[in-house]
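> Fold the following for me, if possible:
(2 chains)
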Amino acid sequence: MKRTLLIAVSACVAIAGLAASASLAFAQQAAEGGRGRGNRPRVALDGPVPRYPDGTVDLGGAWTGGGPVQDMEAQGKFKPGEIPLLPWAKKLMESRTPEDDPHAYCMPMGVPRQAGNYPWRFVQYPTHTKASHIFVLWEGNIHSFRQIFMDAKHPADPDPTWFGHSIGSWDRDTLVIDTVGFNDKFWFDRRGHPHTEQLHTIERWTRKDLGHLDNQVTIDDPGAYSRPFTTTYTATLQPGEEIMEYICNENNNYGVAGGFR
Amino acid sequence: MSATTRILAVALGLLGLGAPVVAHHAFSSEYDENKVVTFKGTVTKIEWTNPHARFFIDVVNPDKTTTNWSFELASPNSLTREGWDRHTLTVGDAITVSGFAAKSGKSMASTRSVTTTDGKALFGGTQGIQ
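From the prediction side, this is the model:
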């Protein structure tokens, strides 16, 4: 517990420090910091990839995109029907309607959809030496975080969760995130592409230049798909932007009092 | 923020230069894109809440009765990025508003456009007009 608390406090310090830093590439800060609305500085998005003093790629910045929202198939540039759904999964998807989307109930959007909609940040910690953790701070939906344990191992039998258990490593300048231990509740997109608890994702995040971050993601779920499939979504830097608070269930028309099922 | 800046911000939002407008729920499940309603009315309440802000207006019907209509907006963070703030509309403002009516038949709509007393057109930022 003490260790958890220490990491949490340290992470908060790191996040605050990161936000305050003027030396990093994303520090062209908004005039009204934290309001999500800045002076929209003119930044050449094709500028050089920022790095920490030890040469590690700095993934910082407020990003949007990097995952599907409406349709994993179309946004992933798959041909219609190319995603290899198993018959039962196809039937399930066809039975789903947008109003049943867990997202409408203020539930998380999971991997890789979570990156697709609202602004978000990678936070590498610590920065003065090799990172032990990388956090993803999500504005929405939901206003939450994800943690990636660097150079670690998955537990033998992780409890199923919305964001799963993520371990990270660097392949040259690409951050590789391997995740297992998902629950089967979130949808990959508004169309309702399903998955099971057997889902295993491999994300390869590559900052191509200052303003573009590729997420090449492989979805491997033998419970719902006949073979793994891979596509790439690209996040775009939002200079001057900040993530904001978004507590979705504050006044949601879809009740959550009885819980989401 | 000055009115000019506000309008500029709204324009930038419309041009897609800012962060995208994001909608929380499925527009089509709640609102009818083919049923546009337009009213002149007086703002009675503003709810600056998630996942959607909304405002209420009193509309005088032809038979002189009054109906209080609820107009849904985008989330406060999306609206902020488009140049709105919680003071953009205030109680007592006389406005003209257009929106997509609720399928339920209730006096609710998803905001399409708002014109303020001084003739400025504001953007509602809802999914129906993305």
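> ok, which stretches of the chain are strands?
You didn't say which chain, so I picked chain A. A:63-65, A:120-125, A:133-138, A:144-150, A:165-171, A:174-180, A:200-209, A:212-220, A:229-237 (DSSP state E).
> That was the other one, I meant chain B.
B:31-47, B:54-60, B:66-72, B:94-102, B:108-115, B:121-123.
> Nearest to chain A, out of those strands?
strand B:31-47 (6.9 Å; Cβ to the nearest Cβ). From N, CA and C alone the C-beta is placed, and that goes for glycine too.
> for stretch B:45-61, how far is the first residue from the last?
End-to-end span of stretch B:45-61 (Cα to Cα, to the nearest Å): 19 Å.
> can you count the residues close to the residue nearest to A:Tyr225 when sequence neighbours are not counted?
Leaving out its chain neighbours, the residue that sits closest to A:Tyr225 by Cβ to Cβ, 6 or more residues apart in numbering or on different chains is A:Pro84, at 5.0 Å. Neighbour count of A:Pro84, defined by other Cβ atoms under 10 Å in any protein chain shown: 14.
> My read is that A:Pro84 contacts A:Asp221, right?
No: counting by Cβ atoms under 8 Å, A:Pro84 sits too far from A:Asp221 to count as a contact (10.2 Å).
> neighbours around residue 70, how many?
Since no chain was named, I'll use chain A. 14.
> sorry, should have said chain B
Neighbours around B:Ser70, by other Cβ under 10 Å: 16.
> Could you find the closest non-adjacent residue to it?
B:Met108 (4.6 Å).
> Get me the contact residues on the stretch 51-200 of chain A for chain B.
A:64, A:97-99, A:101, A:103-104, A:106, A:117-119, A:139-141, A:190 (Cβ under 8 Å from any Cβ of the partner chain).
> residues contacting the closest residue to B:Ser104 other than its chain neighbours?
Leaving aside its chain neighbours, B:Ser104 sits nearest to B:Glu30 (7.6 Å; criterion: Cβ to Cβ, 6+ apart). Neighbouring residues of B:Glu30 by Cβ atoms under 8 Å, 6 or more residues apart in numbering or on different chains: A:Glu99, A:Asn253, B:Ala102, B:Lys103, B:Ser104, B:Ser110.
> and the residues you listed, which are buried?
B:Ala102, B:Ser110 (16 or more other Cβ atoms under 10 Å in any protein chain shown).
> Going by distance to B:Thr80, which of the contacts of B:Glu30 wins?
B:Thr80 lies nearest to B:Ser110 out of those, by Cβ to Cβ, at 18.8 Å.
> do you know how far the closest one is from B:Ser29?
For B:Ser110, the distance to B:Ser29 (Cβ to Cβ, to the nearest Å) stands at 11 Å.
> same thing with B:Ala121?
Taking Cβ to Cβ, one finds B:Ala121 at 28 Å from B:Ser29.
> returning to what we had before: the residue nearest to B:Ser70 and B:Thr67 touch, don't they?
No: if you go by Cβ under 8 Å, B:Met108 and B:Thr67 don't touch, sitting 11.0 Å apart.
> who has more neighbours, the two?
B:Met108 (21 against 12).
> Can you pull out the low-pLDDT segments for chain B?
B:1-26, B:123-130 (pLDDT under 70).
> Which residue ranges of chain A form helices?
Along chain A, counting by DSSP state H, helices occupy A:2-20, A:72-75, A:87-95.
> mean pLDDT lowest for which of the ones you listed?
Set side by side, the helices of chain A give their lowest mean pLDDT on helix A:2-20, at a mean of 41.
> For the stretch 1-150 of chain A, which residue gets nearest to chain B?
A:Pro98 (3.2 Å).
> give me the number of residues near the residue lying closest to A:Cys248 once chain neighbours are set aside?
Closest residue in space to A:Cys248, ignoring its immediate chain neighbours: A:Cys106 at 3.7 Å, by Cβ to Cβ, 6+ apart. Per other Cβ under 10 Å, the neighbour tally for A:Cys106 reads 23.
> Look up phi and psi at A:Cys106.
phi 70, psi 30 (degrees, to the nearest 10).
> Show the contacting residues for the residue nearest the centre of chain A.
Central residue of chain A (Cα atoms, centre = their mean): A:Ala115, 4.1 Å from the mean position. The contact partners of A:Ala115, taken as Cβ under 8 Å, 6+ apart, are A:Trp63, A:Gly65, A:Gly66, A:Gly67, A:Asn215, A:Tyr233, A:Ala235.
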